[in-house]
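K.L.:
Just to be clear, the model below is a prediction. Sequence and coordinates:
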Amino acid sequence: MFILLIGLILFVAVMGFTLGPRAGLSWPEKFIKDTVGFVQSVFYKPARAVAGFFEDISNLRSLQEENKELKIMMAHYSREMPKINALQTQVESLQNDLKFTEAQKNSNKFDLAIVDVVSVNNDPANRTLVINRGSNDKIRKGLTVISDKGMVGIVSEVSNFTSTVKLLTSMDSRDITSPGIAATAVGKENTSFGIIEDYDQQTGTFLMTKINQNDPLAKGDQIVTSGAGGAFPKNLPIGTVVSRQPGNGLTATATIKPAASFENWKSLFVVITWEVPK
Amino acid sequence: MARRYVMTLLLFLLFIVETTIVPLLIPGAWQTRIIPHLVFVVILFAAVYDHRYVALMLGLAFGMLHDVVFYGIMIGTYSFSMGLSGYLMGLLFRSRRASLLVMMIVVVIGSLLMDSMVFGIYTVFKIYKLPYTYALVDHIIPTMIVQLIFALAIYVPLRRQIDKLVRRRPQEETA
């Protein structure tokens, strides 16, 4: 009985200690994560391949249509490309004229690192994924993880060869370690602003808060990250506005349907931003 | 003794399968509602047919493994709930000759207890904010049903293995 009591106290202490913000993982944690992650990747890859094969067969019919759409998108892209290049050079020359510092120039640059999902934890309060890249591949804590559709999560812990991704579905405004995402609407970048900081598990939607009452944000708008605050890179898709409601006090809130589906994990991308040298 | 190590290794493999292959088999809409902990089902078998301390140790170890690998918010939730509920189930139901029916009742109660404990811990730390009735219908009961089916499937081979394991060891404890 006495031992049980000690055990209980020990566990509460461990939970309390690991709940708050931590600098990094200790080496036993890293070792366990890397070893288990390696074994998991050995299992997950072939299983994913087999599952993907059956998925492909069932998708065969829609393939032609998808191909057509992709060709149209490709045409758009190649038409826009010279324009984007010209704008890019113009922006760079203007930045040079205005004597931007190195940090300012690099603030919106990022690389995408493609990663494979190694294993999945669907625990509703703490949904996490393990991915097969770690600090050896320049993955850092706090980086954003996106799928081909939109933002899915934030790297929560990093070991040498694997990292854990905390999904946006566990976002919570009352948790100090859970970051709010500064967001804006496509086409209204200068006038719309709000913070996405809650996920409703019952309806599967995000809640965007702190929207100004005069804000033109409306139903159907595409929501992307605004880059304000510097925690997340600019222009990553988050979702679309389902409805807008008056919030408490002077601000409004909006309900947002996520762009990414948080199921059937395949490959993801980690957005590696430029690191400010210390 | 070697058999015991092999069993633990197989349990580790089951943990790997549970976190990699099982989520792929669950249809998309149910992926957040069915979260089977197959390792925990085996731990319940160990609690009933072997000993509660075995269940406690296995629960603590594999729960900790789960906590560390999927460290998103805090460490200790699964370690605590798996260990304690395995121990309690062993304390209440331990019997070498427990029938299939008794074992299935243990799986039902144990699964509900474990998931409720996880729910309780997350509620205490204000991580999960929905009411218990919602959690029960949303994921605790569907998960329990899948775990029950898994328990039925492994009952015969697993019981045979545990019986061999226990018979080989002299009856040093009768507590």
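P.N.:
Sure thing, it's come through.

K.L.:
all contacts plus neighbour counts: C-alpha atoms, from now on.
P.N.:
Fine.

K.L.:
At the contact with chain B, which residues of chain A appear?
P.N.:
Residues of chain A found near chain B (CA under 8 Å from any CA of the partner chain) are A:11, A:14-16, A:18-19, A:29, A:32-33, A:36-37, A:39-40, A:43-44, A:47-48, A:51, A:118-130, A:156-157, A:164-166, A:172, A:175, A:263-264.

K.L.:
how does it look with 6 Å?
P.N.:
A:15, A:18-19, A:33, A:40, A:44, A:119-120, A:122, A:125, A:128, A:166, A:263 (CA under 6 Å from any CA of the partner chain).

K.L.:
Tell me, how many residues neighbour the residue nearest to residue A:123 when sequence neighbours are not counted?
P.N.:
Counting by CA to CA, 6 or more residues apart in numbering or on different chains, residue A:123 lies nearest to residue B:35, which is 6.5 Å off, once chain neighbours are set aside. Neighbour count for residue B:35, taken as other CA atoms under 10 Å in any protein chain shown: 25.

K.L.:
which secondary element of chain B has the worst mean pLDDT?
P.N.:
Lowest mean confidence among the helices and strands of chain B (mean pLDDT, DSSP states H and E): helix B:22-25, at a mean of 85.

K.L.:
Tell me the helices and strands packed up against the next helix or strand along the chain from that helix.
P.N.:
Remark: after helix B:22-25, the chain's next helix or strand is helix B:38-45, criterion DSSP states H and E. For helix B:38-45, not one helix or strand is in contact under the criterion 3 or more CA pairs under 6 Å, 6 or more residues apart in numbering or on different chains; DSSP states H and E.

K.L.:
mind redoing it with 7 Å?
P.N.:
In terms of contacts (3 or more CA pairs under 7 Å, 6 or more residues apart in numbering or on different chains; DSSP states H and E), helix B:38-45 is packed against helix B:2-20, helix B:52-69, helix B:77-93, helix B:141-168.

K.L.:
Which neighbouring elements make contact with the shortest one?
P.N.:
Applying 3+ CA pairs under 7 Å, 6+ apart, one finds that helix B:77-93 contacts helix B:38-45, helix B:52-69, helix B:100-124.

K.L.:
which one of those is the most hemmed in?
P.N.:
helix B:38-45 (a mean of 26; mean count of other CA atoms under 10 Å in any protein chain shown).

K.L.:
Report pLDDT for the residue positioned nearest the centre of chain B.
P.N.:
For chain B, the residue nearest the mean C-alpha position is residue B:40 (1.4 Å; CA atoms, centre = their mean). pLDDT for residue B:40: 95.

K.L.:
now residue B:62
P.N.:
Looking at residue B:62, its pLDDT stands at 94.

K.L.:
Counting neighbours, what do you get for the residue nearest to it when sequence neighbours are not counted?
P.N.:
Nearest residue to residue B:62, sequence neighbours excluded (CA to CA, 6+ apart): residue B:79, at 6.9 Å. Other residues within reach of residue B:79 by the criterion other CA under 10 Å amount to 24.

K.L.:
Can you pull the residues of chain B lying near chain A?
P.N.:
B:16, B:19-21, B:23-24, B:28, B:31-32, B:35, B:68-76, B:80, B:127-128 (CA under 7 Å from any CA of the partner chain).

K.L.:
and the residues you listed, which are buried?
P.N.:
B:16, B:19-21, B:23-24, B:31-32, B:35, B:68-76, B:80, B:127-128 (16 or more other CA atoms under 10 Å in any protein chain shown).

K.L.:
For residue A:198, give the beta-bridge partners.
P.N.:
As for beta bridges, residue A:198 partners with residue A:207 under DSSP bridges.
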